[in-house]
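Student: Return atomic coordinates for the entry below.
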Amino acid sequence: MYLNKAMVFGNLTRDPELRALPSGGQVCSFGLATNRVYKKADGTKAEQAEFHNIVVFGRQAETCAQYLKKGSTAYVEGRLQTRSWEGEKGKQYRTEIIAERVQFGPRSAGSGGGAPRTEAEAPQKAPKEDAIEYPEETDINPDDIPF
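Tutor: Prediction:
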């Protein structure tokens, strides 16, 4: 039995690039950076970044291109694949993660992941007078609870 599985969670290093295949399908590629924090021999902390090339096919490729932007966080599950070609520098290789599953990370203001909201689309805060007032802890009698 063989296993070829990659699972990475990190930040996009560039905006996704969506292309059409000759067969009519879609392919999306983007870079993903993961960080590793470790202690050096002298006890100081060090951080090392690793960069991954991600390729997504089909409907999921369209969704990635639509919602992901540079700086967005994403969890990618897939398989490793190395391809080679003849280039100006001779034979070149590239190892990629062919994504089977992509989950978008939490979206925070300014971290990419879609178009910015306008004031009309932003959720409105409820006025203070409509807020629910909860009783203080000392006002609750455990004998009054029906269960």
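Student: Now do stretch 59-70, average pLDDT.
Tutor: Per-region confidence: stretch 59-70 scores 94 on mean pLDDT.
Student: er, stretch 99-112 actually
Tutor: On average, stretch 99-112 scores 78.
Student: Pick out the residue closest to the middle of the chain.
Tutor: In the chain, the residue lying closest to the centroid (CA atoms, centre = their mean) is residue 74, at 1.2 Å.
Student: That one is in what secondary structure piece?
Tutor: Assigned by DSSP states H and E, residue 74 belongs to strand 73-87.
Student: Just checking: what are the partner strands of that strand?
Tutor: strand 6-12 (antiparallel), strand 90-104 (antiparallel) (DSSP bridges).
Student: Tell me which of these is the most buried.
Tutor: strand 6-12 (a mean of 17; mean count of other CB atoms under 10 Å). C-beta coordinates here come from the backbone N, C-alpha and C atoms, glycine included.
Student: Run through the chain and note the low-pLDDT ranges.
Tutor: Applying pLDDT under 70 to the chain picks out residues 108-142, 145-147.
Student: Helices of that one, start to end?
Tutor: For the chain, the helices defined by DSSP state H cover 59-67.
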